[in-house]
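In: Test case, fold it:
(one chain, ligands or ions: 2)
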Amino acid sequence: MHIDHIGIAVEDIEKAVETYENLLDEECYKREVVEDQQVDTAFFKTGESKVELLGPTDPNSVIRKYVDKQGEGMHHVAFEVEDIHAELDRLRDEGFTVLNEKPKQGADNKLVAFVHPKDNHGVLVELCQSQD
Ligand SMILES: CC[C@H](C(=O)O)C(=O)SCCNC(=O)CCNC(=O)[C@H](O)C(C)(C)COP(=O)(O)OP(=O)(O)OC[C@H]1O[C@@H](n2cnc3c(N)ncnc32)[C@H](O)[C@@H]1OP(=O)(O)O
Ligand SMILES: [Co+2]
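Out: Ligands and ions are numbered 1, 2, ... in the order given. As a prediction, the model looks like this:
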């Protein structure tokens, strides 16, 4: 597994894109709203991995709930895997709480699924598999 991206929850994604374009001295390479997850995303390439900014698109968005409760900040770490179905089965067998029955369509043309932070010492983990 390698880190595909770090997810950062933000209040205002337009402002956050401006900040990170300044900070990283590079343009955001993709903007994508993922209705199913009620998030607006912005991606920056950082070497082999990426930064994914996440803004809420709906009052019921998990990002809305997170920012209201914890404030803006690091939200999840995503690992890219070859076979997400096999990995989810392995993690379930190992006793991890996999939050998705089956992988969902994520951003950046990936299938995604999540493992509850309570099993990972407080870190929400996303597994993603490229559909390229
Ligand atoms: C568009 C896809 C994109 C991609 O990369 O392709 C994405 O990354 S989408 C990202 C947004 N989607 C998700 O995060 C889906 C998975 N998340 C969830 O299902 C929930 O957020 C969940 C289950 C992690 C938490 O939901 P819940 O309703 O239980 O929220 P609570 O505030 O009650 O939290 C319970 C407990 O967990 C702690 N918590 C919540 N979120 C996080 C987090 N991101 N990192 C670490 N810990 C988290 C929260 O503090 C509570 O802890 P407690 O000790 O019980 O107070
Ligand atoms: Co993500």
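
In: Strands of this structure, residue ranges please.
Out: If DSSP state E is used as the criterion, the strands of the chain fall at 2-9, 30-34, 39-46, 49-56, 73-80, 104-105, 110-115, 125-130.

In: List, one by one, the residues from the protein near ligand 2.
Out: 7, 52, 78, 126 (C-beta under 5 Å from the ion). From N, CA and C alone the C-beta is placed, and that goes for glycine too.

In: who in this protein is up against ligand 1?
Out: 7, 34, 37, 39, 41, 52, 54, 62-63, 65-66, 69, 75-76, 78, 99, 106-107, 110, 112, 114, 116-117, 122, 124, 126 (C-beta under 6 Å from any ligand atom).

In: So among those residues, which ones count as buried?
Out: Among the residues of the chain next to ligand 1, those buried by neighbour count (16 or more other C-beta atoms under 10 Å) are 7, 34, 37, 39, 41, 52, 54, 62-63, 66, 75-76, 78, 106-107, 110, 112, 114, 124, 126.

In: hang on, the earlier thing: between the strands of the chain, which gets nearest to Gly95?
Out: Minimum separation from Gly95 across the strands of the chain (C-beta to C-beta) falls at strand 110-115, 10.8 Å.
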